[in-house]
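Trainee: next comes the sequence, and after it the predicted model I'd like to discuss.
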Amino acid sequence: MENGKKIALAVSAAFVIAIGIRVGLIYKANHEELPAATETSAKPKLSDDDTVFLRKQHPDSLKDERDLIGKTIWVSAGGQMDYYHYTSHHADYAHPVATLAGAEPLVVKDVFEQVPPKGRAVSRISAGERHVLLAFTMPKSSDPNALYAVPIGNYDNGAYTFLTDEIFFYDDPHVLYKHWGPEMWAHIDKHEAVVGMSENQAMMSLGQVINPSSDSTGNRSVTYDNNGHPIKIDFEDNKAVKVTPVPS
């Protein structure tokens, strides 16, 4: 899969300006009553999405990751992580099942290590000496008891690197983003794109592999890979105004 997730210093001129001011004006200014100070700057307005608190676990050991066993987590990095069949602490890298979709709940069953195939990439996670994987079930799938696995980090040069904080939510996004409303969540859970969606909502629905037309978030066109079925969405004021399937 393709990787579909950008200060200036100013120098005050007050000293130079002061030199150029006539002595008479300085005297006048020093003897006049100063006007009341006014507030010249306002705090930036935060959206409801900006105020959502996303918990992080900052794992740095296998024990930290194994603390997830028995817990439900939800996919944040939709459209980015392939998953595989799992049997007895082993992932079948040769036969990827599908790609994890945004907001999908997973119940963690195991944390294990495995050396990935040599000579070919099987995950967005760097191979290192060996992968660290989560085994899980998908309670909303047609077979809620089936076991799968997905890489979530690696071991290399004597150290572990874990990306679970970037790949998953530790709290239900339906609750975290409840202000999106049940109607919008119904579309997201079906991974549909609809007029009225914000960019965050569209990314949750269609995945994070995107090709934006500019850096002007909320006022641009964005093409979502959508697991190989691209969809272009035109946004104005952070609302989708046009949804167009893109021929493959």
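Mentor: Okay, I see it.
Trainee: low-confidence stretches in this protein?
Mentor: Scanning the chain with the threshold set as pLDDT under 70 gives 1-43.
Trainee: which residue ranges make up each domain of it?
Mentor: The record's domain parsing of the chain by automatic domain parsing lists 62-169, 181-245.
Trainee: so which of these is nearest L46?
Mentor: Closest of the domains of the chain to L46 is domain 181-245, at 13.5 Å (criterion: CB to CB). Placement of C-beta: from N, CA and C, glycine included.
Trainee: now the end-to-end length of the closest one.
Mentor: Chord length of domain 181-245, first to last residue, is 25 Å (CA to CA, to the nearest Å).
Trainee: now for V194, how many residues are close by?
Mentor: Using other CB atoms under 10 Å, V194 has 17 other residues around it.
Trainee: am I right that it is in contact with V241?
Mentor: No. Using CB atoms under 8 Å, V194 is not in contact with V241, being 11.2 Å away.
Trainee: which helix or strand contains the nearest residue to A135 once chain neighbours are set aside?
Mentor: Once flanking residues are discounted, A135 sits nearest to D110: 3.7 Å by CB to CB, 6 or more residues apart in numbering. Here D110 sits within strand 105-114, counting by DSSP states H and E.
Trainee: list the neighbouring strands of that strand plus their orientation.
Mentor: Take DSSP bridges as the rule and strand 105-114 pairs in its sheet with strand 72-75 (antiparallel), strand 130-137 (antiparallel).
Trainee: off-centre distance for the helix or strand harbouring Y93?
Mentor: Assigned by DSSP H and E, Y93 belongs to strand 91-99. Taking CA atoms, centre = their mean, to the nearest Å, one finds strand 91-99 lying 23 Å from the centre of the chain it belongs to.
Trainee: ranges for the helices of this structure?
Mentor: For the chain, applying DSSP state H gives helices covering 14-20, 23-30, 62-66, 164-167, 173-176, 182-189, 199-206.
Trainee: got a list of what V122 touches?
Mentor: D82, Y93, P96, P116, P151 (CB atoms under 8 Å, 6 or more residues apart in numbering).
Trainee: closest one of the residues you listed to N219?
Mentor: D82 (32.8 Å).
Trainee: quick one, what contacts the residue nearest to that closest one when sequence neighbours are not counted?
Mentor: Sequence neighbours aside, P96 is the residue nearest to D82 in space, at 4.4 Å (criterion: CB to CB, 6+ apart). Applying CB under 8 Å, 6+ apart, we find P96 in contact with D82, Y83, Y84, V122.
Trainee: pull out the buried members of those residues.
Mentor: Buried members of these, scored by 16 or more other CB atoms under 10 Å, are D82, Y83, Y84, V122.
Trainee: confirm for me that the second one is in contact with A98.
Mentor: Yes. Y83 is in contact with A98 according to CB under 8 Å; the separation is 6.7 Å.
Trainee: coming back round to it: wait, which of the buried ones among the contacts of P96 is closest to A186?
Mentor: Y83 (24.3 Å).
Trainee: now do the end-to-end distance for stretch 44-54.
Mentor: 20 Å.
Trainee: which residues sit against that stretch?
Mentor: So stretch 44-54 is in contact with F169, D171, L176, Y177, H179, S198, N200, going by CB under 8 Å, 6+ apart.
Trainee: can you rerun that using 7 Å?
Mentor: Here stretch 44-54 makes contact (CB atoms under 7 Å, 6 or more residues apart in numbering) with F169, L176, Y177, H179, N200.
Trainee: who wins for neighbours among those?
Mentor: Going by other CB under 10 Å, F169 tops those with 22 neighbours.
Trainee: what bridges to the nearest residue to it once chain neighbours are set aside?
Mentor: Nearest residue to F169, sequence neighbours excluded (CB to CB, 6+ apart): W74, at 4.2 Å. On the basis of DSSP bridges, W74 is bridged to P105, F169.
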